[in-house]
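1. I'll drop the sequence and a predicted model, then ask my questions.
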Amino acid sequence: MTATATERVLLDEEALRRTLRRIAHEIVEKHPDLTALGLVGIYTRGATLAQRLRDLIEEYTGARVPTGALDISFYRDDVTLRAEQRAHPQPVVKATRLDFPLEGKSVVVVDDVLYTGRTIRSAIEAIFDYGRPERVQLAVLVDRGHRELPIRPDYVGKNLPTARSERVNVELVEIDEIDRVVLIHP
Amino acid sequence: MDAIPPKSSAKRRHLISITDLRRADIERILQTAEGFESVMRRDLKKVPTLRGRTVMTVFFEASTRTSSSFELAAKRLSADTVSLKAAGSSVDKGESLRDTVQTLSAYDPDVIVIRHSAVGAAGMITAWTDAHVVNAGDGTHQHPTQCLLDLYTMQAALGGIEGLHVAIVGDVLHSRVARSNILGLRTMGARVTLVGPPTLIPRDAAALGAEVSHSMDALEAADVVYVLRMQRERMAAGASYVPSLSEYAAVWGVTPARLRPSQLVMHPGPINRGVEIAPEVADSAASRIVDQVRAGLVVRMAVLYDLLAGPGKAEPEAALRIVSPDVVSAAGQEVA
């Protein structure tokens, strides 16, 4: 970030909380049989969001939905590109935790920002290597556009048209000590 | 035939010695290996990470664990593999190391994993190929992936390596495993004591940062007892390091009576039961020998992943070190 970069808060703490509550309600609405539901968050912030959604769903329904965390590093399509060609820095690999059987489940993949769709493609490929869910859906906090693949979210916190040069930072209290979504203009 | 000039030598990374890695590099590789554990626990034990890449393993020396685990590691990452053993290859027909490497390099491998009896062989071939080179053992010099899997095993069993006390017992003199492990353990903040008869302990032990004891009583203080095999294939013909194997076993064999409870026992294999290690010890609950073999797979997956995927622009400094030219030329003289 340079000195001229500007930050705009898109969702503050209260707006973020309301948004997650709405997504949780929508997921419950679409799943009359909660025993068939499973949440899978993509590391790092998607995994945290999935835990929050699980807690909210438990609050509303009393049902504790099985929740896993997925590291998609080994499924990226840019793994062996040179560092400067990659869209993302190579993240530190985290251990995937998917401890519930996926067979017959409706799996909701949870991520913070939906952008090109490549991360979600990797996540879908990884999930099917762990098992065969009946259905896979996608929940994202922010959809910033610029899709490079035919991927569409089922639950969206906020639709946000952005320029490619801009950055969307989701900050969560568990990791970043604050709850907010920020748009950064370079 | 002139050596093929490397296309981008400045960018290529190799793993020749455990000293190529700083503590942060080792920690990153161990963490990646942990990520692969979850892959190994599921029904489908394969990820598409290195699809379309080629990994060649070239073994000029006998190997069970290292060659099979590198080959399986590459396959579990979806890379194509070619495994060459010196026996049955054109090496039998008199082909030199250089010609073999240049021939294999014509197939554009991304990684060459090499084991050779000559010190410096792995470092030397980096000049003859465009592939990333991984040293799977060069004479009595280095065996970095063995060190990494041993560190991984200790970390998994004991929660960490910093502050551990590891006793390495036996034929340290001829052991590349010991050399890599002393340096790797020191980098990670462990204390190392070499235990064995004076004839089998290298004179430069202090320079490596290890303490030395010529009494089995020294095992008492260790958290981990790391047992080494007598490497008779590397002992000079006619040289006598110990009076006899049975006397060695009586004085230096790791037996239940020489261990205290809660000590872990490790061994890089192959083990010679009844010589350096008693069968009851090898099969005891204290033994982590099977864990080491299992760790070999995920750690070698992590090394291949790290070499080809790289640490990325987030931490460009975390790259594995490039082998310096003087190391290559010094090694070259020994092999030539």
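-> Nice, I can see it. Numbering: from 1, shown residues only, chains lettered A, B, ... in the order given.
2. alpha carbons only for contacts and neighbour counts from here, please
-> Noted.
3. any stretches of chain A with poor pLDDT?
-> Scanning chain A for pLDDT under 70 picks out A:1-3, A:80-91.
4. helix/strand/coil for A:D112?
-> Three-state call for A:D112 (DSSP: H, G, I helix; E, B strand; the rest coil): strand.
5. I'd say it and A:L49 touch.
-> Yes: using C-alpha atoms under 8 Å, A:D112 is in contact with A:L49, at 7.3 Å.
6. OK, contacts around B:L84?
-> Counting by C-alpha atoms under 8 Å, 6 or more residues apart in numbering or on different chains, B:L84 makes contact with B:M56, B:T57, B:V58, B:F59.
7. from the residues you listed, which is closest to A:L53?
-> B:M56 (46.2 Å; C-alpha to C-alpha).
8. state the helix or strand in which the closest one lies.
-> B:M56 belongs to strand B:54-59 when assigned by DSSP states H and E.
9. any idea of the mean pLDDT in that strand?
-> On average, the pLDDT along strand B:54-59 is 96.
10. how about the CA coordinates for it, as PDB?
-> Only the C-alpha atoms of strand B:54-59 are listed here, as PDB (Å, rounded to 0.1, in the frame of the first residue of the first chain):
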ATOM      1  CA  THR B  54       8.200 -34.800 -14.000                       C
ATOM      2  CA  VAL B  55      10.200 -36.100 -11.100                       C
ATOM      3  CA  MET B  56      13.100 -38.400 -11.800                       C
ATOM      4  CA  THR B  57      14.800 -40.400  -9.100                       C
ATOM      5  CA  VAL B  58      18.200 -41.700  -9.800                       C
ATOM      6  CA  PHE B  59      19.700 -44.100  -7.300                       C
END
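11. all helices for chain A, in order.
-> With DSSP state H as the criterion, chain A has helices at A:13-30, A:45-61, A:118-130, A:173-176.
12. from the chain's centre, how far out does the last one sit?
-> Right, the one you point to is helix A:173-176. 15 Å (C-alpha atoms, centre = their mean, to the nearest Å).
13. ditto for the second one
-> Distance of helix A:45-61 from the chain centroid (C-alpha atoms, centre = their mean) equals 12 Å.
14. elements contacting that helix?
-> Packing partners of helix A:45-61 (3 or more C-alpha pairs under 8 Å, 6 or more residues apart in numbering or on different chains; DSSP states H and E): helix A:13-30, strand A:37-42, strand A:67-70, strand A:106-114.
15. output the one helix or strand B:T100 maps to as CSV, nothing but the C-alphas.
-> Assigned by DSSP H and E, B:T100 belongs to helix B:97-105. Output of helix B:97-105 as CSV, limited to C-alpha atoms (Å, rounded to 0.1, in the frame of the first residue of the first chain):
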residue,chain,number,x,y,z
LEU,B,97,27.4,-39.7,-14.0
ARG,B,98,27.6,-36.6,-16.2
ASP,B,99,26.4,-38.4,-19.3
THR,B,100,23.6,-40.1,-17.4
VAL,B,101,22.4,-36.8,-16.0
GLN,B,102,22.6,-35.0,-19.3
THR,B,103,20.7,-37.9,-21.0
LEU,B,104,17.9,-37.8,-18.4
SER,B,105,17.8,-34.0,-18.6
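16. what's the neighbour count on the residue in chain B that chain A sits nearest to?
-> Going by C-alpha to the nearest C-alpha, chain A is nearest to B:G35 of chain B, at 4.1 Å. Neighbour count for B:G35, taken as other C-alpha atoms under 10 Å in any protein chain shown: 22.
17. contacting residues for the residue nearest to it when sequence neighbours are not counted?
-> Leaving aside its sequence neighbours, B:G35 sits nearest to A:A95 (C-alpha to C-alpha, 6 or more residues apart in numbering or on different chains; 4.1 Å). A:A95 makes contact with A:L70, A:D71, B:E34, B:G35, B:F36, B:E37, B:S38, according to C-alpha under 8 Å, 6+ apart.
18. give me the buried positions along the helix holding B:T100.
-> Under the neighbour-count criterion of 16 or more other C-alpha atoms under 10 Å in any protein chain shown, helix B:97-105 has B:L97, B:R98, B:D99, B:V101, B:Q102, B:L104, B:S105 buried.
19. do stretch B:86-96 as well
-> By 16+ other C-alpha under 10 Å, the buried positions in stretch B:86-96 come out as B:A86.
20. how far is it from where the chain is centred?
-> Relative to its chain's centre, stretch B:86-96 lies at 24 Å (C-alpha atoms, centre = their mean).
21. got the confidence number for B:E317?
-> In this model, B:E317 is scored at 44, pLDDT.
22. paired strands for the strand holding B:M56, with orientation please.
-> The pairing partners recorded for strand B:54-59 under DSSP bridges are strand B:80-85 (parallel), strand B:111-116 (parallel).
23. which of the residues in stretch A:27-42 are buried?
-> Under 16+ other C-alpha under 10 Å, the buried positions of stretch A:27-42 are A:I27, A:V28, A:L34, A:A36, A:L37, A:G38, A:L39, A:V40, A:G41, A:I42.
24. swap in stretch A:51-61?
-> Of all the residues in stretch A:51-61, those buried under the rule 16+ other C-alpha under 10 Å are A:Q51, A:R52, A:L53, A:R54, A:D55, A:L56, A:I57.
25. could you do stretch A:129-138 as well?
-> By neighbour count with 16+ other C-alpha under 10 Å, stretch A:129-138 contains the buried residues A:D129, A:Y130, A:G131, A:R132, A:P133, A:V136, A:Q137, A:L138.
26. include distance to B:R12 when you put those residues into CSV, please.
-> Conversion of these to CSV gives the following (distance: C-alpha to C-alpha, whole Å):
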residue, distance to B:R12
A:D129, 32
A:Y130, 34
A:G131, 37
A:R132, 39
A:P133, 41
A:V136, 40
A:Q137, 41
A:L138, 39
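27. in strands, which of these appear?
-> A:V136, A:Q137, A:L138 (DSSP state E).
28. quick one, what contacts the last one?
-> Looking back up the chat, that one is A:L138. Going by C-alpha under 8 Å, 6+ apart, A:L138 touches A:V108, A:V109, A:V110, A:D111, A:R152, A:P153, A:D154, A:Y155.
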